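**Student:** Coordinates for the following, if possible.
(one chain, ligands or ions: 1)
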Amino acid sequence: MGDTVPLLRRPFEVSDIVVAGGGPAGAATACLLARAGRRVVVVEREVEPVHRICGEFLAGAGLDRLAELGIDMARLGARPITQMRLVRGDRVAAASLPFPALSLSRRTLDAALLECAEQAGAKILRGHAIRSIGNGAVLVEKHGELQASTLVLATGKHDVRGARRAAGNPPDLIGFKTHLRLAPRQAEALEGVVELIMFRDGYAGLQMVEGGHANLCLLIDRGRLVRDGGTWDGLLASLLDECAHLRRRMAGAEGWPKPLTIARVPYGYIHSGADRSMFRLGDQMAVIPSFTGGGMTIALHSAKLAAQCILEGGDPSAYSLAIHRAVRPPMRLAGLLYLAGRTDWLQAAILRMSGWWPGGMAGLAALTRVG
Ligand SMILES: Cc1cc2nc3c(=O)[nH]c(=O)nc-3n(C[C@H](O)[C@H](O)[C@H](O)COP(=O)(O)OP(=O)(O)OC[C@H]3O[C@@H](n4cnc5c(N)ncnc54)[C@H](O)[C@@H]3O)c2cc1C
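**Tutor:** Model prediction:
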């Protein structure tokens, strides 16, 4: 955001609760609080629902939280996922998922959650970016200043001036996401399955979402991207060369001309210390490695804990304690698995072990889940 954007001069607007960011964490919190009769304003910088970089895999407690909010996933077109496949080169190990799981595009899900908050009575300021936060006030582009008795920070990976996370020096990973139309036989082979495909220096998730599309979402070291020519086309050609399974899946596929990208995701980050002035939710609180497909569950679970705490009159430190307790064990295991998956021979060992003992792979997947 540039400093030159003009701000409207208008008197403070006072609201009980200001929620910064209308993604899963912010929208779910707003919905719960507005249903309990609180005056809530959500500030969301996007004018309308957009695609997000995400594997779009939802499971376990994340689905419970959505059901509690009354989100009808089947009506939105979500597809059941019952199996996971671990892939490397041409080798595949499969296991049944030990928890219920669904896939749904973020554009559809995020829109449904914000609509849920609006119907509950929250006011949604769309198309307004927050420029800074401080002393209980939120400075909103093209709007002015909002005063809040309670502030909920749910801007995901994007930091806001006055409330930045100390995320250190995250690994230089680049994320890509594209929706594809696979050839009919390949789409059929992927039905009901999430595929986790391991590469040198990265991995991809592949699964069907609503509307007959497949979501290909991958993370790769910047060094690998540079070696492959620094472009998506170069990287994809190199990944197809490395992985016969992906080559088969992609044969005859049509995708977006340009995938979405993201850089420097701070995997393993947990916000330490208690904010006295605000509730941090979702990726602002903890960023779990994305192969677990657990980020949205953390977002929705943190929304539930924060809303409970606010309604009981608790302060952010009580919430902070509860969310830390919930996320620390799965984050620790996910971090170890993530490191193992970055080593070539350990990747091979994980795949071999998963082939012999599919229950072990399913068990590890369950242990990386929150809630
Ligand atoms: C490659 C990759 C794959 C992933 N795959 C999965 C998966 O399969 N399953 C899963 O559960 N999780 C996955 N995740 C993680 C998941 O996407 C996040 O954990 C989740 O989106 C966090 O939700 P949130 O509400 O905290 O933030 P977000 O979803 O990022 O929402 C933040 C909202 O705040 C708004 N915003 C930001 N800045 C401002 C501002 N200044 N002013 C106003 N509004 C603002 C944004 O527009 C957005 O709507 C993946 C992540 C990556 C990087």
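**Student:** So is the host helix or strand of Met84 next to the ligand?
**Tutor:** Using DSSP states H and E, Met84 sits in strand 79-88. No: between strand 79-88 and the ligand, judged by C-beta under 6 Å from any ligand atom, nothing touches; the nearest distance is 10.3 Å. For glycine as for every other residue, the C-beta is placed from the backbone atoms N, C-alpha and C.
**Student:** Determine the set of other helices and strands touching that strand.
**Tutor:** strand 91-103, strand 193-199, strand 202-208, helix 344-356, helix 358-367 (3 or more C-beta pairs under 8 Å, 6 or more residues apart in numbering; DSSP states H and E).
**Student:** Quick check: which of the ones you listed is nearest to Ala61?
**Tutor:** strand 91-103 (8.8 Å; C-beta to C-beta).
**Student:** Give me the contact status of the closest one with the ligand.
**Tutor:** No: Strand 91-103 is not in contact with the ligand by C-beta under 6 Å from any ligand atom; minimum separation 8.2 Å.
**Student:** can you pull out the strands in the stretch 1-150 of the chain?
**Tutor:** If you assign secondary structure with DSSP state E, counting those that start in this stretch, the strands in the stretch 1-150 of the chain sit at 13-20, 40-44, 57-59, 79-88, 91-103, 123-126, 130-134, 137-140, 144-153.
**Student:** Quick check: buried residues in the longest one?
**Tutor:** Looking back up the chat, that one is strand 91-103. 91, 93-95, 97-98, 101-103 (16 or more other C-beta atoms under 10 Å).
**Student:** picking that back up, any chance of the helices and strands packed on strand 79-88 in a markdown table, plus mean pLDDT?
**Tutor:** Converted to a markdown table, the helices and strands packed on strand 79-88 look like this (pLDDT from 0 to 100):
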| stretch | mean pLDDT |
| --- | --- |
| strand 91-103 | 95 |
| strand 193-199 | 97 |
| strand 202-208 | 96 |
| helix 344-356 | 86 |
| helix 358-367 | 87 |
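**Student:** can you redo the ones you listed as TSV with distance to His271?
**Tutor:** As requested, the helices and strands packed on strand 79-88 are exported to TSV (distance: least, C-beta to C-beta, whole Å):
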stretch	distance to His271
strand 91-103	26
strand 193-199	27
strand 202-208	25
helix 344-356	29
helix 358-367	22
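**Student:** Of the ones you listed, which is nearest Asp275?
**Tutor:** Proximity to Asp275 (C-beta to C-beta) singles out helix 358-367 among those, at 28.8 Å.
**Student:** angle of that closest one against strand 79-88?
**Tutor:** 120 degrees (axes from the mean of the first three to the mean of the last three C-alpha atoms, to 10 degrees).
**Student:** Now look at helix 358-367 and say if it contacts the ligand.
**Tutor:** No: counting by C-beta under 6 Å from any ligand atom, the ligand has no neighbours in helix 358-367; the shortest distance is 12.3 Å.
**Student:** which of the residues in that helix are buried?
**Tutor:** 358, 361-362, 364-365.
**Student:** Figure out which of the strands of the stretch 1-150 of the chain is closest to Leu336.
**Tutor:** strand 79-88 (16.4 Å).
**Student:** What strands flank that closest one, and is each parallel or antiparallel?
**Tutor:** With DSSP bridges as the test, strand 79-88 is paired with strand 91-103 (antiparallel), strand 193-199 (parallel).
**Student:** where's it relative to the chain centroid, distance-wise?
**Tutor:** Here strand 79-88 is found 18 Å from its chain centre; the criterion is C-alpha atoms, centre = their mean, to the nearest Å.
**Student:** angle of the strand holding Met84 against strand 202-208?
**Tutor:** Put simply, strand 79-88 runs at 150 degrees to strand 202-208, going by the same axes, to 10 degrees.
**Student:** which residues touch strand 79-88?
**Tutor:** Residues outside strand 79-88 that contact it (C-beta atoms under 8 Å, 6 or more residues apart in numbering): 57, 59, 92-97, 100-104, 191-198, 207-210, 243, 245-246, 347-348, 350-351, 354, 361-362, 365.
**Student:** Could you list the buried residues of it?
**Tutor:** For strand 79-88, the neighbour count (16+ other C-beta under 10 Å) marks 79, 81, 83-88 as buried.
**Student:** for the ligand, what are the nearby residues on the stretch 51-200 of the chain?
**Tutor:** Proximity of the stretch 51-200 of the chain to the ligand is confined to 52-58, 129-130, 154-158, 160, 175 under the rule C-beta under 6 Å from any ligand atom.
**Student:** Write the PyMOL selection for whichever of those residues are buried.
**Tutor:** Applying 16+ other C-beta under 10 Å to those, the buried members can be selected in PyMOL as follows:
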select buried, resi 52+53+54+55+56+57+58+129+130+154+155+156+157+160+175
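**Student:** before we move on, back to that, adding distance to Arg328, write the strands paired with strand 79-88 out as TSV.
**Tutor:** As requested, the strands paired with strand 79-88 are exported to TSV (distance: least, C-beta to C-beta, whole Å):
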stretch	distance to Arg328
strand 91-103	20
strand 193-199	23
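**Student:** model confidence over the strand holding Met84, on average?
**Tutor:** In this model, strand 79-88 has an average pLDDT of 96.
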